[in-house]
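[1] Structure of the sequence below:
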Amino acid sequence: MDEIKSMQLYSHVGRIYNELKELGYGDTDDLKVEDVSRFDSLHYHGVEAVDKAIQRFNIGADTRVLDVGSGIGGPARYLAWRTGCHVTALELQRDHHETGEVLTARCGLGERVKHVCGDVMDIDLGHGSYDLVTSWLVFCHIPDKKKVSERCLQHLKPGGNMLVEDLFALGDLSEVSEDIGVNYFDLANLQDYKQQIEDAGFVNVQVEDLTADWKDYVQDRLKTFVSSEDRHVRVHGRPTYQALHSFYSSIVRLFTSGRVGGGRISATKPA
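    Residues are numbered from 1 along each chain as shown. Have a look, this model is predicted:
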């Protein structure tokens, strides 16, 4: 937990309130999901990636979703708002969990999104209760991919699906292990990752390699961020800008090193 919390991306959770203030919202105003969703996701491509999940799994009002590592609730809120589904947003970090609860309430989605603060590795949210488990750039922080996959499997209904977007190792990480990015990740190579999910009991494990796309994404993110330095310093302050610049730069170095990639993995619980 301490290592995750020290990641620059996760240590400035309150910056979303600065963004909302910049849009003209007061501290207790009702919020529009389409405004909040511009800032509340920590994964790549934001709501575009969530829309792909909605389409792929035909998520609708009757779908029950467990979002593992939900952060401040971005994907969970968007899923519920867009489809009417019910989402359990499970988050380990207390400050992210509490921020997510506040944002969800202000978006008027409290009846469809339930926030839970806990660890997927030991929490029981009801075996066989969910149609879909989602996780966006979270498993990369968990060493035991088989166990976390087993925990997700237990929560799924027979025939239910798991969708994971995550980082993986493309080669030896020892030469870049001192980079801030590697220190907080536990990456498996893609074949081992797939095997551990299968060993957990999933079938029909499919992998989509998004490395080239994500490499472009993180490079564009850094370029755009730097080009708006004055704006970000004004809204968030110099320390937050510097922390995020450091994090975004480290991720670019990891992708351009050719040692780190990423992708989308889907799998099914046997019926």
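
[2] in the stretch 51-200 of the chain, which spans are strands?
    Using DSSP state E, counting those that start in this stretch, the strands found in the stretch 51-200 of the chain span residues 64-68, 86-91, 113-117, 130-136, 156-169.

[3] show me where pLDDT drops low in the chain?
    Counting by pLDDT under 70, the chain contains low-confidence residues at 1-11, 175-184.

[4] Residue nearest the middle of it, spatially speaking?
    For the chain, residue 136 is the residue whose C-alpha lies nearest the centre (C-alpha atoms, centre = their mean; 3.1 Å).

[5] what would the strands of the stretch 51-200 of the chain look like in JSON lines with distance to residue 195?
    The way it works is simple: take the backbone N, C-alpha and C, and place the C-beta from them, glycine included. JSON lines is the format used below for these (distance: least, C-beta to C-beta, whole Å):
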{"stretch": "strand 64-68", "distance to residue 195": "20"}
{"stretch": "strand 86-91", "distance to residue 195": "25"}
{"stretch": "strand 113-117", "distance to residue 195": "30"}
{"stretch": "strand 130-136", "distance to residue 195": "18"}
{"stretch": "strand 156-169", "distance to residue 195": "12"}
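
[6] Compare these and give me the one nearest residue 192.
    strand 156-169 (8.5 Å; C-beta to C-beta).

[7] unless I'm mixing things up, residue 46 is touching residue 34, no?
    No: counting by C-beta atoms under 8 Å, residue 46 stays clear of residue 34, with 11.6 Å between them.

[8] Show me which of those two is the more surrounded one.
    residue 46 (18 against 12; other C-beta atoms under 10 Å).

[9] which residues touch the closest residue to the more buried one other than its chain neighbours?
    Spatially, and ignoring its direct neighbours in sequence, residue 46 is nearest to residue 37 (6.9 Å; C-beta to C-beta, 6 or more residues apart in numbering). By C-beta atoms under 8 Å, 6 or more residues apart in numbering, the contact set of residue 37 is 46, 47, 74, 77, 78.

[10] Pick out whichever of those residues sits closest to residue 191.
    residue 46 (28.9 Å).

[11] And the helices in this protein, which stretches?
    2-5, 15-22, 33-36, 46-57, 74-83, 94-106, 145-155, 180-183, 190-199, 211-227, 229-236, 238-256 (DSSP state H).
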